[in-house]
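Asker: just coords:
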């Protein structure tokens, strides 16, 4: 093995480059920090110097390797754990660049560069742990030089060196002992289920058992869990292996057995050679662990029942010790840790053991490369176990088990004569890595099903017969199936009877003696016999009558065998394309994986975008109804120039794809650095699909840096492919723009099962023929009899009124006459009854372009609290610039509420400039900034009761037509922090909540900055409600709810007041006539006006839950940070 790995180290070369982090010294961290949250992780070596993280979807896998080195890193995939055959990549970081190349081995010598480079470099760096290489590839690259990744066990091979190659194509220095292999199930993601607070653990240990000096020992020990007191569910189990005995303890089974006298609790015995009929390992296996396995979680809906009323069964733990050196000094205290809960889950789970009965009638002849041995479970047995359960049982996980000769194991299922997709397949079985695998899709065992377990053995290194048995040198062929709900069936198996062979009824040795297995003809005769003989098939279960039944049956052969689906790899197509057969109906686009986000970019639904993000990369997938090219890009202004674009198409099964950028309103030119990587391409009769990945910051001036800002997505398509990559035809009207929050979009969490919806609507409201209307209507939550949590809200805009309805706000206000509930709409700010005007306490906010808002699973906004008599005003802003008449609207809002209260009450803090003429925006200004303040003393007053602060989970920023950027700044005790929200490309027509995961705490202050572009205006723009007037507001959603709900500030413009000043309130008088008369083309006037905003006093108001407002004067200079915030440099970009 050392020689093979030296060759791997010596010849794996690397070519592609990408910018990366600068070098640091190694050793500062014992455990690496991955670039994102990966669901799976494995330490590949014993000392912890090589870690692999990975995640998968239905088409691709992403790897991230961390090696404690400043030299090169090599890793790959091999079916047998050797260098040949293997699919290999190596990479290293040198002078700020990452080098990587996809290669394959053709023998135990220099690996060859693949003609198709299918491993795509996503990220690389050197940090204080070592070197990081992050790559992505398709599960099936359709490249014969690559290993297809399936549900099989995969041997991951790895190596690393302290030295880098001297140049890009230089030889790799020998790695020495820094190499190895580890078996993994890359596609079988284990359950990780949160445990309830009332769990208890029980350790079942062998109690310093002296392991006998023989190669195989099956030690059993009796345990009791009757002290549980009542029924519990086993929801997790894990091995507890004594560190120095890791190579000795091979597997552990836990049996639940009846008929054992309680005096045997704590007694040890030989599992399969005990003369006491009570001391035996019974067939009811409830826990199974084998070498290489880890902890196992039951799904949240099921647990294995223990401690049931009237249950007197005891537990027998069977430990298989593998001691080939026959040491006599091994003392072991290994065992199992059981995690149980008295809070019972919905279903009782069970374990079914099936396959070939452990008996010497299982015979594996020598000298065979692929000898097949099978056992089955009949439909009659399964039907008895299922009883009246017509819905069948759900499979949770499967552990397939063989011994040293096993190379492949398959668990087949036959339903009413038709064979289905196998329940589990492992074509690379590894005796030293046996782990439960979760089915990739939901699977059931139904009435009428039968099971077949097939094991393929390699006995080429054996010269004598191998029999079924318990020793490691014997063989087994079993599947342990965990499922729910529990059946009355524990064991279902068969053994071959070898019809017409003399003395076959006696034992396997008598059968084998009839054959000369050194002769190929005898081995072939025996293989034919094995495949045609009848089996002794039986099943066992405490609920069966009788408990054990058996019958003679021929080997199960399905009437309709299962056929592997044809490969999606076209015979002449490069590896990143796929073709689908033509069908009559297109239907909705089906993405290649589960995406968190989706938007239809075109109003007609012909251009659909899916995407996923992590902290370094973003994956896009576009589905476009065309057979021509697709254009997709990002622009800061929504125009073609400047823009970062990609253009791609599929022609004759071949994908074409290029990263481009615009230099004007002409055909985009190809980037020197191709930073968008094509992952997948497909064309069918309905659509063209392109899937691509890129870094959020590619460090390329020709690319668009993706941040939390609103992004203008530009898109286009054409019905025909280009004649060449240099000549892309004009798209005509097939183009558009859509603003999106790519990084800050909120993912919908699950809703409580008892959630209900409540709709509030503007019932047949006749919208006035005015440019702007703010219409109000009063509602209540009287239908709720107790406190509920609002967990979701979404606006229901009447079809055809998408342009008319601009925004909608729901306020919770005191003093409103209950007779107004559901009375007709009224104009919000024109009624003489001041109690009917919207107040400062906001419950829900939506603006054009926004979507449904979900509260996080740990918080909800309280409604219908005890003693709460306040009512709600729904304010709808209608934007009707064409002054249309006769428009009748029924738009409104839908609330989703639950009586199951979440952990925290949520609240909303509004930071706003008062909506009046004190907000002044001079004309002819390209970047005019207006600020709103919420000072430290206010925030501290209301947050000091929360020592850990409050959690901000969403922010919506709002302005009108002149708004071009909005930022919500945070200063903590004079030191400015990263902004709560920062939108450099604010879009009035796309206003949605942006995700936040921040903390506000005592000592913080807030500054809201709105930047306006008034270059197209000739007159002053004032604050106001109409779309042509302006606003500056931030809505900060947080939990726990604070008593503070509103902060306002407005400049007093003292230096511009010319009239008599009676008191401070004189400065609140409007100055519209003064400002309208100013010559705003005079630069000195602009400077004077800006100086007044930065240095003169403001009128400051804040409101709290007692519906009281406090006001004072404030100096804006006191709000400025002593230490301004500086955007950290992107260290991933090389010099």
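Answerer: Okay, I see it. Keep in mind that what you see is a predicted model, and the values were worked out from it rather than measured.
Asker: which residues sit in contact with residue 743?
Answerer: Shown in contact with residue 743 (CB atoms under 8 Å, 6 or more residues apart in numbering): 613, 618, 696, 706-708, 995. To be clear about C-beta, it is placed using only N, CA and C from the backbone, and glycine gets the same treatment.
Asker: If we use 7 Å, what do you get?
Answerer: Going by CB atoms under 7 Å, 6 or more residues apart in numbering, residue 743 touches 613, 706-708.
Asker: do the same with residue 130
Answerer: Taking CB under 7 Å, 6+ apart, one finds 26, 66-69 in contact with residue 130.
Asker: most neighbours, which of these?
Answerer: residue 67 (30 neighbours; other CB atoms under 10 Å).
Asker: What pLDDT does the model give the closest residue to residue 328 other than its chain neighbours?
Answerer: Counting by CB to CB, 6 or more residues apart in numbering, residue 213 is the residue found nearest to residue 328 once chain neighbours are left out, at 3.9 Å. pLDDT for residue 213: 95.
Asker: What segments of the stretch 251-400 of the chain are helices?
Answerer: Counting by DSSP state H, counting those that start in this stretch, the segments of the stretch 251-400 of the chain that form helices are 379-386.
Asker: pLDDT weak spots in it?
Answerer: Across the stretch 251-400 of the chain, the ranges flagged by pLDDT under 70 are 283.
Asker: sorry, back to before: in strands only, show me the contacts of residue 130.
Answerer: Judged by DSSP state E, the contacts of residue 130 include 66-67 as members of strands.
Asker: tell me which of the contacts of residue 130 is nearest to residue 777?
Answerer: residue 66 (58.2 Å; CB to CB).
Asker: Go ahead and confirm the closest one touches residue 132.
Answerer: Yes - Residue 66 lies in contact with residue 132 (CB atoms under 7 Å); the separation is 5.4 Å.
Asker: re earlier: ok, the residue nearest to residue 328 - contacts?
Answerer: Residue 213 neighbours (CB under 7 Å, 6+ apart): 326-328.
Asker: repeat that for 8 Å
Answerer: Here residue 213 is in contact with 323, 326-328 (CB under 8 Å, 6+ apart).
Asker: what's the answer for residue 358, then?
Answerer: So residue 358 contacts 468-470, 476, 478 (CB under 8 Å, 6+ apart).
Asker: Would you check which pair of those lies furthest apart?
Answerer: Taking CB to CB, no two of the contacts of residue 358 sit farther apart than 469 and 478, at 12.6 Å.
Asker: Which of those two has more residues huddled nearby?
Answerer: residue 478 (24 against 18).
Asker: measure residue 336 to residue 656 for me?
Answerer: Between residue 336 and residue 656 the computed distance is 57 Å (CB to CB, to the nearest Å).
Asker: hmm, back to that, using JSON lines, lay out the contacts of residue 743 together with pLDDT and secondary structure.
Answerer: Formatted as JSON lines, the contacts of residue 743 follow (pLDDT from 0 to 100; DSSP: H, G, I helix; E, B strand; the rest coil):
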{"residue": "613", "pLDDT": "92", "secondary structure": "strand"}
{"residue": "706", "pLDDT": "94", "secondary structure": "coil"}
{"residue": "707", "pLDDT": "90", "secondary structure": "coil"}
{"residue": "708", "pLDDT": "86", "secondary structure": "coil"}
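Asker: Show the buried residues in the residues you listed.
Answerer: Buried by 16 or more other CB atoms under 10 Å: 613, 706-708, out of those.
Asker: Name the nearest of those residues relative to residue 601.
Answerer: Closest to residue 601, out of all of these and judged by CB to CB, is residue 706, at 16.5 Å.
Asker: Report pLDDT for the residue lying closest to that closest one once chain neighbours are set aside.
Answerer: Spatial nearest neighbour of residue 706, chain neighbours left out: residue 696 (4.5 Å); criterion: CB to CB, 6+ apart. Listed pLDDT for residue 696 reads 94.
Asker: what number of residues lie near residue 696?
Answerer: 18.
Asker: Which residues are in contact with it?
Answerer: 613, 615-618, 705-707, 743.
Asker: Residue 551 too?
Answerer: Residues in contact with residue 551 (CB under 8 Å, 6+ apart) are 378, 380, 537-538.
Asker: Just the ones of the contacts of residue 358 in strands?
Answerer: residue 478.
Asker: got a markdown table for the contacts of residue 358, with distance to residue 638 too?
Answerer: A markdown table is the format used below for the contacts of residue 358 (distance: CB to CB, whole Å):
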| residue | distance to residue 638 |
| --- | --- |
| 468 | 71 |
| 469 | 73 |
| 470 | 72 |
| 476 | 66 |
| 478 | 63 |
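Asker: Verify the stated contact: residue 98 with residue 91.
Answerer: Yes - counting by CB atoms under 8 Å, residue 98 does reach residue 91; the two are 6.0 Å apart.
Asker: so what sits against both of the two?
Answerer: 121, 124, 133.
Asker: Which secondary structure state is assigned to the second one?
Answerer: I take that to be residue 124. Per DSSP: H, G, I helix; E, B strand; the rest coil, the local secondary structure of residue 124 is strand.
Asker: ok so, going back, ok, and the most crowded of the contacts of residue 213?
Answerer: residue 323 (20 neighbours).
Asker: quick one on the thing from earlier: now the buried members of the contacts of residue 551.
Answerer: 378, 537-538.
Asker: From start to finish, how long is stretch 632-651 in a straight line?
Answerer: 18 Å (CA to CA, to the nearest Å).
Asker: Please apply the same query to stretch 684-691.
Answerer: End to end - CA to CA - stretch 684-691 spans 15 Å.
Asker: Buried residues in that stretch, which are they?
Answerer: Going by 16+ other CB under 10 Å, stretch 684-691 has these buried residues: 684, 686-691.
Asker: Check stretch 332-340 too.
Answerer: Quick answer for stretch 332-340 (16+ other CB under 10 Å): 332, 334-336, 338-340.
Asker: Quick check: of those, which lies closest to residue 920?
Answerer: Using CB to CB, these come closest to residue 920 at residue 339, 64.7 Å.
Asker: Next, work out how far apart the closest one and residue 303 are.
Answerer: Residue 339 is 10 Å from residue 303, by CB to CB.
Asker: anything in contact with each of those two?
Answerer: By CB under 8 Å, 6+ apart, the residues touching both residue 339 and residue 303 are 234-235.
Asker: Helices of this protein, start to end?
Answerer: 2-11, 379-386, 508-512, 520-532, 936-943, 1072-1077, 1083-1095 (DSSP state H).
Asker: Looks like residue 509 contacts residue 469 (just checking).
Answerer: No - in terms of CB under 8 Å, residue 509 does not count as a neighbour of residue 469; the distance is 11.1 Å.
Asker: Now the common contact residues for those two.
Answerer: residue 360.
Asker: pLDDT weak spots in the protein?
Answerer: 1-28, 108-110, 166-176, 283, 503-506, 570-585, 746, 1106-1107, 1132, 1134-1135.
Asker: Break it down into its structural domains.
Answerer: 2-184, 200-554, 589-740, 755-905, 910-1135 (automatic domain parsing).
Asker: Let me have these in a markdown table, extended by distance to residue 566.
Answerer: Formatted as a markdown table, the domains of the chain follow (distance: least, CB to CB, whole Å):
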| stretch | distance to residue 566 |
| --- | --- |
| domain 2-184 | 12 |
| domain 200-554 | 14 |
| domain 589-740 | 15 |
| domain 755-905 | 40 |
| domain 910-1135 | 42 |
